[in-house]
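>>> Starting from these lines, generate the structure:
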Amino acid sequence: METAATRTEQWHAKERQACDGGDTQARARQEALGKQHARTRIDHLLDPGSFIEIDRLVCSAFGTSKNYTDGVVAGLGTIHGRHVAVYAQDFTLKGGSLGKHHAAKICKVMDMAAKIGCPIIGIIDSGGARIDEGIHALAGYGKIFKRNCHYSGIIPQISLIMGPCAGGAVYSPALTDIIFMTSGTSQMFVTGPNVIAQATHQTITKEDLGGAEIHTTISGVAHDVCATEDECLEKVKALLEYLPNSYLDQPPRHKTVEPSQQSPLHIPEHAHQALDIITVITSLVDHESFFELQPRFAANMVTGFARMDGMVVGIVANQPAVKAGVIDIEASSKAARFIRLCDSFGIPLVTLVDTPGYLPGVEQEHSGIIRHGAKLLYAYATATVPKITVILRKAFGGAFIVMGSKELGGDINYAWPMAHIAVLGAQAAVAIMHGKKLAATPAENRLDLQHELEHAYQEEFLNPFTAAEHGYIDAIIEPSETRMHIIKALHLTKDKVEKLPPRKHGNMPL
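Next comes the predicted model:
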């Protein structure tokens, strides 16, 4: 006959087995790769003693082995006192593969996060669908994907790729708001190197196919790469300081810290001279508060969070130091997705404009710059958060419209005195407007005439005065007073209410 002591001993044995995860060899292999155990990752991420685990003794729905946790540790805890939900796949148990109960645990903790109204953080380290559970594993992914979609814009969803993520599994992190990867140990791909070799006879390594370097520079799938897992976990903690618990809350407000005055901003006198927009951003926002996202992808467009007067804002800025700040396909998609993220969670947008326009070229046109460029227009036009725009030096053609203009709903729009706002730059405009006249001019006089016409065009059109006179910008401001004006505009618009026309949803040009 079983006694209470016997039953308790059995329970403790099961608990120990669940906490240990896989066998000694599996754990050693994980450590040899520089990867931590799932529970170690959670312990590092959460405040000490705050983790409340769910379904610790859940086992696989099939088979006879008792693999407690079923390869994923899930529950809720706090980070800096704020509630978060978290799940971490355990590669030491069946390679972290996803089965029926594994998926059910993830779905349960996602549902709890949505009910409570807190961020969900997924730590991905999995070999993919559990083959011996077949269709049940595939259905599990479908249930997770549905929740990723339904809870999008309701609670922040963050994915940390800390190992393999292959096949259909990649679409769950792809549907989340932010993705961080670890250098050398994380990969994401739909079809692995072996399948690619069989299908296309192309040979490639996992790292070159879907490593962190690829996804933070070429594909744009991930938002940043970290050298170590500890760095990645700390980065998530920092990120959460810019995000609210849910769309019903406000991001954390911090004490105002004035920008550093050690490196005064140097503004080139000519619009075509090099300017690093990062120096402008850091001179405007609270000291050391800029948290850049996707710094190595589409670097001609800069996006990230910052604080101004302690308030969280989203920064969207052209980067003249890269490709002269032109807007291309990748830049359009990068900025549009970031704008949608900010709008989802009530984060005001500050747009800094310094661009000659969209990138011309056959490749861009054939690759769909019209379709992708329209995403940026759509994102700005449908964003209902406060939108503050400053034209720094140049805004030509469609770029003037797309970068947070009044016509797309900009609330307060400024320009610096040296700003060039026009349909075209002087050289291109003169070539179109006076092409016949120049062609008819003797060769020895043609260059002088061209310079004269360009100068006249610059004097008449390349300035912010016409835009100000017709209300397309609200004011011309001194560069040194930009921070003050933006902060005043943010306070003015912080209680802004704007509603879009009633409808089921719009049809964004995806």
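>>> what comes into contact with stretch 227-241?
Stretch 227-241 has contacts (Cβ atoms under 8 Å, 6 or more residues apart in numbering) with 34-36, 41, 44-45, 79-80, 82, 84, 119, 121, 156, 158, 160, 162, 178, 180-183, 185, 224, 226, 251-252, 254, 291, 305. For glycine as for every other residue, the C-beta is placed from the backbone atoms N, C-alpha and C.
>>> which regions of the protein sit below the pLDDT cut-off?
For the chain, applying pLDDT under 70 flags the ranges 1, 63-64, 261-265, 269, 271, 426, 430.
>>> tell me the strands in the stretch 151-300 of the chain, going along the chain?
Per DSSP state E, counting those that start in this stretch, the stretch 151-300 of the chain has strands spanning 157-161, 164-166, 178-182, 187-189, 224-226, 291-293. These are given in chain order.
>>> Paired strands for the fifth one, with orientation please.
Within its sheet, strand 224-226 is paired with strand 178-182 (parallel), according to DSSP bridges.
>>> rewinding a little: and residue 471, which of the strands of the stretch 151-300 of the chain is closest to it?
Nearest to residue 471 among these is strand 291-293; the distance by Cβ to Cβ comes to 33.2 Å.
>>> what's the closest one packed up against?
Contacts defined by 3 or more Cβ pairs under 8 Å, 6 or more residues apart in numbering; DSSP states H and E place strand 291-293 against strand 301-308.
>>> list the helices and strands the strand it packs on packs on?
With 3+ Cβ pairs under 8 Å, 6+ apart as the test, strand 301-308 has helix 277-284, strand 291-293, strand 311-318, helix 329-344, helix 482-493 packed against it.
>>> Let's see that strand as PDB, backbone CA atoms only.
Coordinates of the C-alpha atoms in strand 301-308 are reproduced here as PDB (Å, rounded to 0.1, in the frame of the first residue of the first chain):
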ATOM      1  CA  MET A 301      17.200  53.900 -43.400                       C
ATOM      2  CA  VAL A 302      17.600  54.100 -39.600                       C
ATOM      3  CA  THR A 303      14.900  52.800 -37.200                       C
ATOM      4  CA  GLY A 304      14.900  52.500 -33.500                       C
ATOM      5  CA  PHE A 305      13.500  53.500 -30.100                       C
ATOM      6  CA  ALA A 306      14.600  56.400 -28.000                       C
ATOM      7  CA  ARG A 307      13.500  58.700 -25.200                       C
ATOM      8  CA  MET A 308      12.800  62.400 -25.400                       C
END
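>>> Just the residues contacting that strand, thanks.
Around strand 301-308, the neighbours that count as contacts under Cβ under 8 Å, 6+ apart are 239, 242, 254, 256-257, 277-278, 281, 284-286, 289-295, 312-319, 327, 330-332, 334-335, 338, 347, 350, 483, 486-487, 490.
>>> cool, and stretch 39-54?
19, 21, 36, 73-81, 84, 86, 88, 105, 108-109, 112, 121, 123, 162, 229-230, 233, 236-237.
>>> Provide a PyMOL selection command restricted to the buried entries of those residues.
PyMOL command restricting these to the buried ones, with burial defined by 16 or more other Cβ atoms under 10 Å:
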select buried, resi 21+36+73+74+75+76+77+78+79+84+86+88+105+108+109+112+121+123+162+229+233+236+237
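>>> Restricted to strands, list the contacts of stretch 39-54.
Secondary structure assignment (DSSP state E) places 73-79, 84, 86, 88, 121, 123 from the contacts of stretch 39-54 within strands.
>>> can you put these in TSV and add distance to residue 131?
Listed next are the ones in strands among the contacts of stretch 39-54 as TSV, based on distance: Cβ to Cβ, whole Å:
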residue	distance to residue 131
73	22
74	22
75	27
76	31
77	32
78	37
79	35
84	32
86	27
88	22
121	27
123	22
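>>> Which of those sits closest to residue 420?
Nearest to residue 420, judged by Cβ to Cβ, of the ones in strands among the contacts of stretch 39-54 is residue 121 at 44.4 Å.
>>> how close does that closest one sit to residue 235?
As for residue 121, its distance to residue 235 is 12 Å (criterion: Cβ to Cβ, to the nearest Å).
>>> In the record's domain split, what are the boundaries for the protein?
In the assignment given by automatic domain parsing, the structural domains of the chain cover 4-240, 277-424+463-493, 426-461.
>>> which of these is buried the deepest?
Highest mean neighbour count of those: domain 277-424+463-493, a mean of 20 (counted as mean count of other Cβ atoms under 10 Å).
>>> first vs last residue of that one, how far apart are they?
25 Å (Cα to Cα, to the nearest Å).
>>> for that domain, the distance to its chain's centre please.
16 Å (Cα atoms, centre = their mean, to the nearest Å).
>>> what about residue 273, neighbour count?
Counted with other Cβ atoms under 10 Å, the neighbours of residue 273 add up to 10.
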